[in-house]
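**Student:** Quick one, fold the following:
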Amino acid sequence: MTLRFAAIAAFSAFAALAPAAHAASYNTLTGEAPIVVAHRGASGYLPEETLGSYELAIKLGADYIEPDVQMTSDGHLVAMHDTTLNRTTNAAEMFAPRNGGYRVKDFTLAEIKQLTVKPTGALSGDKSPHQDFVPSMGDPYKVPTLDEVLTYLKDYNTANGTSVGIYPEAKSPFDSVKEQKIIDSLKSHGFTTAADKVILQSFAYESVVNLTSLLETSGMEAEVAQLGSVRLQDGVYGVSGSDGFNSLEKLAEVATGVGVSYGGITEAFIKAAHDLGLKVHAYTFRPLSEEEAFAMIQPMLDWGLDGFFTDYTDFGRTVVDAQQPAPVPLPAAAPLMLASLGGLALLRRRRKAA
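**Tutor:** You can find the predicted model right below:
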């Protein structure tokens with residue numbers, strides 16, 4: 001009886017280990033699959049930074065949506081990449097220039113809400129393979145507030161049992177008021193723990209430091225990434241952002257990762273970042289076909305890239321889903337333990353039954 005129960009115990013231990021035997025490990029910092037970040041939503045197909053664009057990106061398989069955050073003249077946060085309104089909206093048709101142009105910070109939220117965002121992507125309009133997509137919300141191509149983006153994402157995840165994350169960018173230059181408002185908005189909508197999948201980003205090192213500090217004082221958990229370009233200075237890898245060069249070692253003290261222009265990424269840079277516990281995300285891939293997507297993205301995934309931004313979520317998703325990570329082997333002691341207790345025979349029968 002003792003041997004029998006010992007064998008059962010050994011087999012139970014093996015069963016607990018079995019998932020690891022079949023699990024897969026990617027060549028990323030954590031061993032998890034690289035993330036696909038919808039750059040300004042499905043911006044290659046639909047008007048960028050709009051609820052309709054974010055919705056299509058999610059349906060195409062985005063792991064994260066990425067809103068850029070600007071502040072209006074009356075202190076509201078809106079999803080807008082440019083500091084000006086005229087490239088992506090019909091502002092010039094609706095308003096006369098203000099202070100010599102159409103800067104977001106010179107218009108109120110009520111005024112910006114009158115605008116419509118125009119498609120600018122290379123595969124938008126009649127060139128889009130997603131022409132039949134109909135957004136679920138009214139006015140899908142108005143400029144949304146950050147609060148509206150967070151509300152939409154929270155409701156979508158709740159309704160669909162998904163866990164799509166959000167990757168907001170605090171646009172440089174450093175602005176402590178705007179950054180506090182971003183933190184307050186996230187907190188008010190319940191994006192406060194690691195499970196909520198928030199990554200904050202900025203090109204300004206001062207903003208990265210401030211955002212990390214604000215998260216800590218607010219009792220919130222989120223990742224923070226320094227944006228910029230890869231740079232090797234005096235034999236030391238780092239990132240050149242809007243306010244200069246910072247070594248990876250320095251960034252590792254305040255950030256959890258870096259988001260860098262893909263043109264400068266090398267395998268050595270990714271290894272250097274991983275050695276310091278930093279994730280590496282690349283921006284911005286704009287392939288116009290699956291073939292182009294594989295050619296652009298695959299080499300960096302082989303090097304261990306942790307994620308990437310793309311205007312074409314579907315192409316990026318296809319590349320990630322095609323990866324074949326290596327199985328994780330069982331601990332060496334497990335087969336010996338099973339053999340000593342007759343567990344291998346049980347294992348053989350289990351395999352035959354399968």
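**Student:** did I read that right, Lys105 in a strand?
**Tutor:** No - assignment of Lys105 by DSSP: H, G, I helix; E, B strand; the rest coil gives helix, placing it outside any strand.
**Student:** can you tell me which residues contact it?
**Tutor:** Counting by Cβ atoms under 8 Å, 6 or more residues apart in numbering, Lys105 touches 70-73, 83. To be clear about C-beta, it is placed using only N, CA and C from the backbone, and glycine gets the same treatment.
**Student:** Same check on Ala170?
**Tutor:** Counting by Cβ under 8 Å, 6+ apart, Ala170 has contacts 69, 178-179, 182, 200-202, 204, 207, 211.
**Student:** Pick the one among those residues closest to Gln233.
**Tutor:** Ala204 (18.8 Å; Cβ to Cβ).
**Student:** so where is the stretch 251-354 of the chain shaky, pLDDT-wise?
**Tutor:** Within the stretch 251-354 of the chain, the stretches with pLDDT under 70 are 328-354.
**Student:** can you do 80?
**Tutor:** Applying pLDDT under 80 to the stretch 251-354 of the chain flags residues 326-354.
**Student:** Would you map the strands across it?
**Tutor:** For the stretch 251-354 of the chain, the strands defined by DSSP state E, counting those that start in this stretch cover 257-261, 279-285, 307-310, 326-327.
**Student:** can you put these in TSV and add distance to Glu292 and mean neighbour count?
**Tutor:** Formatted as TSV, these follow (distance: least, Cβ to Cβ, whole Å; neighbours: other Cβ atoms under 10 Å):
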stretch	distance to Glu292	mean neighbour count
strand 257-261	18	24
strand 279-285	9	23
strand 307-310	11	26
strand 326-327	27	10
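**Student:** Turn the ones you listed into JSON lines, including distance to His39.
**Tutor:** Conversion of these to JSON lines gives the following (distance: least, Cβ to Cβ, whole Å):
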{"stretch": "strand 257-261", "distance to His39": "11"}
{"stretch": "strand 279-285", "distance to His39": "5"}
{"stretch": "strand 307-310", "distance to His39": "4"}
{"stretch": "strand 326-327", "distance to His39": "29"}
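**Student:** quick one on the thing from earlier: going by distance to Trp303, which of the contacts of Ala170 wins?
**Tutor:** Gln201 (21.1 Å).
**Student:** Correct me if wrong: the closest one contacts Pro168.
**Tutor:** Yes - here Gln201 reaches Pro168: they are 7.2 Å apart, a contact under Cβ atoms under 8 Å.
**Student:** Tell me what the closest residue to Leu251 other than its chain neighbours is bridged to.
**Tutor:** Distances taken as Cβ to Cβ, 6 or more residues apart in numbering place Gln226 nearest to Leu251, at 5.1 Å, with adjacent residues excluded. Going by DSSP bridges, Gln226 is paired in beta bridges with Ser202, Val258.
**Student:** any idea of the pLDDT on Gln226?
**Tutor:** On the pLDDT scale, Gln226 is placed at 98.
**Student:** go on, Ser25?
**Tutor:** 87.
**Student:** unless I'm mixing things up, it is touching Gln324, no?
**Tutor:** No - distance between Ser25 and Gln324: 11.3 Å, which falls outside the contact criterion (Cβ under 8 Å).
**Student:** okay, those two: which has more neighbours?
**Tutor:** More crowded of Ser25 and Gln324, by other Cβ atoms under 10 Å: Ser25, with 13 against 7.
**Student:** got the contact list for the closest residue to Gln201 other than its chain neighbours?
**Tutor:** Counting by Cβ to Cβ, 6+ apart, Ala225 is the residue found nearest to Gln201 once chain neighbours are left out, at 4.4 Å. Ala225 makes contact with 199-201, 208, 255-259, 279, 281 under the criterion Cβ under 8 Å, 6+ apart.
**Student:** Number of residues surrounding Tyr26?
**Tutor:** As a burial measure, Tyr26 scores 19 neighbours (other Cβ under 10 Å).
**Student:** since we're on the residue lying closest to it once chain neighbours are set aside, how many residues are nearby?
**Tutor:** Ranked by Cβ to Cβ, 6+ apart and with sequence neighbours excluded, the top spatial neighbour of Tyr26 is Pro325, at 4.7 Å. Neighbour count for Pro325, taken as other Cβ under 10 Å: 14.
**Student:** In this model Glu32 seems to touch Pro325, though I could be wrong.
**Tutor:** No - the pair Pro325 / Glu32 is not scored as a contact, 9.6 Å apart, by Cβ under 8 Å.
**Student:** tell me the contacts of Tyr54?
**Tutor:** Contacts here follow Cβ under 8 Å, 6+ apart; on that basis Tyr54 touches 38, 41-42, 65, 67, 149, 152-153.
**Student:** ok, it to Ile183 distance?
**Tutor:** Using Cβ to Cβ, to the nearest Å, one gets 21 Å for the distance from Tyr54 to Ile183.
**Student:** got it, and Val236?
**Tutor:** Using Cβ to Cβ, we find Val236 at a distance of 31 Å from Ile183.
**Student:** of those two, who's got more company?
**Tutor:** A count of neighbours by other Cβ under 10 Å puts Ile183 above the other of Val236 and Ile183, at 22 against 13.
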